[in-house]
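Undergrad: Build me a model from this:
(one chain, ligands or ions: 2)
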Amino acid sequence: MEKKTALITGANAGIGLALADRLLTEFPSIHLCLACRSKSKAEEAQTMLKEKHEEADICVLLVDVSNLESVYRAAEAIKKQYKHIDYLYLNAGIMPVSSVDWSHFWQCLFSSKCVDMFRTGDGLLKQVDGVTTDGMKQIFATNLFGHFALLKKVNSVLGGANRTTQVIWTSSSNAKKSAFMLSDIQHQHGSEPYSSSKYATDMISVALNERFNQQGIYSHTTCPGLVMTNLTYGILPSWFWTLLLPLLILIRIFTPTMNYSPYNGSEALVWLAKQPPQGIDPMCKYHSRLNWLGNRYVEPKKVNSNFIFLNYLFEIQLQLDVDISIAQKAYEELDKMETAIHKGIKLS
Ligand SMILES: NC(=O)C1=CN([C@@H]2O[C@H](COP(=O)(O)OP(=O)(O)OC[C@H]3O[C@@H](n4cnc5c(N)ncnc54)[C@H](OP(=O)(O)O)[C@@H]3O)[C@@H](O)[C@H]2O)C=CC1
Ligand SMILES: CC(C)=CCC[C@@H](C)[C@H]1CC[C@H]2C3=C(CC[C@]12C)[C@@]1(C)CCC(=O)C[C@@H]1CC3
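TA: Ligands and ions are numbered 1, 2, ... in the order given. Sure thing, here's the model as predicted:
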């Protein structure tokens, strides 16, 4: 059997690192490419994984997904090194937060929105954005556009006549339709850039399936739930989260999204790799879940039929509802943006 290849962006920490570890356990002969922006952090992760999986075949690729020149260089290196990629995990992401709105937290705690607040974090966080060296909004560039550009440039080593590629995005329960505007795809004007970037991710995945399933390329989005990583330690300090642990375990009775460990959070990402891609519903997002007994499972949830009567009754915000035609337009918009930017970047 031919060896499988998986590439993971943001593989040196958090969910990406746990995923790398779990893939090596599930598929001991897999070739893993850790695509990270920091050489030292990537090599540290590589050493750690090799200590645990002695026979592992792991390499490091340097890429800063928020920098298009770096993305194009990485794409060239990928095309030189690989004939085919089986799993492309687009996982790297950022969520810079300046503060938690505790008054909103207390208000929601005693309302019908309580469970939804713990599930999505909607309205609780003041999200802050920056600008990249390419002049793009940082969160959009990191979470979505850099990955989109990478996908476009490595298309020749994805899918094929007799082989498939699974593109697996790490999205979020924080994805929010009302945060996204097609006319402001980078989210230059709103105050929820992370929610917008993750909603756009869910849409782009749907559009990718429409376009590329026939070429053997399948795209799926996942939701890791709430996981303790550098991302969440940027919201509240790690000691605070440790104190909250008993409470988070209690909250699991009401919502199975309190995964806590990156290992649990990567459940859906690993599960997808074990499925034949043709059998996976392209209109679903795959959620890593943990029930109150501590058992892990994966829950597929439709991205285009979120409008259920109970949501309406309890005034819970409609978060998703992806429209295929808008998804196609968003894809075309990103495609146009990438083509224009690519013209201006010359690789030496
Ligand atoms: N933690 C959670 O509760 C949830 C996380 N997610 C998503 O999971 C994904 C992984 O995040 P998580 O593991 O939590 O967070 P971490 O901060 O632990 O990991 C993020 C990874 O992405 C990398 N990264 C960030 N920016 C760039 C960049 N410009 N170029 C290349 N790599 C980059 C980081 O590298 P470096 O170490 O160098 O910073 C790191 O390896 C993200 O997409 C996030 O949105 C979704 C839902 C919930
Ligand atoms: C008592 C207690 C548990 C307080 C914590 C309140 C909030 C800080 C968290 C409640 C739900 C969390 C959440 C996220 C961040 C932290 C919370 C808002 C995310 C937005 C982190 C990034 C994601 O992609 C989704 C998470 C959803 C839940």
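Undergrad: Residues of the stretch 51-200 of the chain that sit close to ligand 1?
TA: Applying C-beta under 6 Å from any ligand atom, one finds that the stretch 51-200 of the chain approaches ligand 1 through 63-66, 91-95, 142-143, 170, 172. Where you see a C-beta, it was placed from the backbone N, CA and C, and this is true even at glycine.
Undergrad: From the residues you listed, pick the one nearest Arg163.
TA: Distance to Arg163 across these (C-beta to C-beta) is lowest for Asn91, with 22.0 Å.
Undergrad: Burial check on the closest one, number of neighbours?
TA: Asn91: 26 surrounding residues under other C-beta atoms under 10 Å.
Undergrad: quick one, what contacts it?
TA: 8-11, 15-16, 19, 169-170, 269 (C-beta atoms under 8 Å, 6 or more residues apart in numbering).
Undergrad: Dump the residues of the stretch 51-200 of the chain next to ligand 1 to TSV, plus secondary structure and pLDDT.
TA: Listed next are these as TSV, based on DSSP: H, G, I helix; E, B strand; the rest coil; pLDDT from 0 to 100:
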residue	secondary structure	pLDDT
Val63	coil	98
Asp64	coil	98
Val65	coil	98
Ser66	coil	98
Asn91	coil	98
Ala92	coil	98
Gly93	coil	98
Ile94	coil	98
Met95	coil	98
Thr142	helix	98
Asn143	helix	98
Thr170	strand	98
Ser172	coil	98
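Undergrad: filter these by proximity to ligand 2?
TA: Answer for those near ligand 2 (C-beta under 6 Å from any ligand atom): 95, 172.
Undergrad: re earlier: most neighbours out of the contacts of Asn91, which is it?
TA: Ala11 (32 neighbours).
Undergrad: if we can go back for a sec, quick one: which of the residues of the stretch 51-200 of the chain next to ligand 1 is nearest to His220?
TA: Looking across these and measuring by C-beta to C-beta, the closest to His220 is Thr170, at 10.7 Å.
Undergrad: give the contact list for that closest one.
TA: 15-16, 89-91, 93, 222, 224, 269.
Undergrad: which one among the residues of the stretch 51-200 of the chain next to ligand 1 gets closest to ligand 1?
TA: Lowest distance from ligand 1 to those (C-beta to the nearest ligand atom) belongs to Gly93, with 2.2 Å.
Undergrad: wait, what's in contact with that closest one?
TA: 10, 142-143, 170, 231.
Undergrad: Output these in TSV, with distance to Lys176 appended to each entry.
TA: Listed next are these as TSV, based on distance: C-beta to C-beta, whole Å:
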residue	distance to Lys176
Gly10	22
Thr142	18
Asn143	13
Thr170	16
Leu231	17
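Undergrad: give me phi/psi at Cys33?
TA: Dihedral angles of Cys33 (phi, psi; degrees, to the nearest 10) stand at phi -110, psi 120.
Undergrad: Per-residue pLDDT of it, please?
TA: In this model, Cys33 is scored at 98, pLDDT.
Undergrad: Taking the contacts of Asn91, tell me the two that lie furthest apart.
TA: Greatest spacing in the contacts of Asn91, by C-beta to C-beta: Ala11 and Trp169 (14.5 Å).
Undergrad: Just the contacts of Asn91: which are in strands?
TA: Among those, the members falling in strands (DSSP state E) are 8-9, 169-170.
Undergrad: Would you tell me which one of those residues comes nearest to Thr120?
TA: For the ones in strands among the contacts of Asn91, with Thr120 as the reference and C-beta to C-beta as the criterion, the closest is Thr170, at 15.6 Å.
Undergrad: just the helices in the protein please.
TA: Ranges of helices within the chain are 14-26, 39-52, 68-81, 102-109, 114-120, 138-140, 146-153, 193-212, 230-233, 238-251, 262-265, 267-273, 309-313, 324-344, based on DSSP state H.
Undergrad: Select, out of those helices, the one closest to Gly159.
TA: Per C-beta to C-beta, nearest to Gly159 of those: helix 193-212, 6.6 Å.
Undergrad: Can you mark which positions in the closest one are buried?
TA: 193-209, 212 (16 or more other C-beta atoms under 10 Å).
Undergrad: Counting by contacts, list what that helix packs against.
TA: strand 125-127, helix 138-140, strand 165-170, strand 217-223, helix 324-344 (3 or more C-beta pairs under 8 Å, 6 or more residues apart in numbering; DSSP states H and E).
Undergrad: Could you dump the ones you listed into JSON lines with distance to His287 added?
TA: Converted to JSON lines, the helices and strands packed on helix 193-212 look like this (distance: least, C-beta to C-beta, whole Å):
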{"stretch": "strand 125-127", "distance to His287": "20"}
{"stretch": "helix 138-140", "distance to His287": "22"}
{"stretch": "strand 165-170", "distance to His287": "12"}
{"stretch": "strand 217-223", "distance to His287": "5"}
{"stretch": "helix 324-344", "distance to His287": "20"}
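Undergrad: Ile280 is nearest to which of these?
TA: That would be, of the helices and strands packed on helix 193-212 and by C-beta to C-beta, strand 217-223, which comes in at 5.9 Å.
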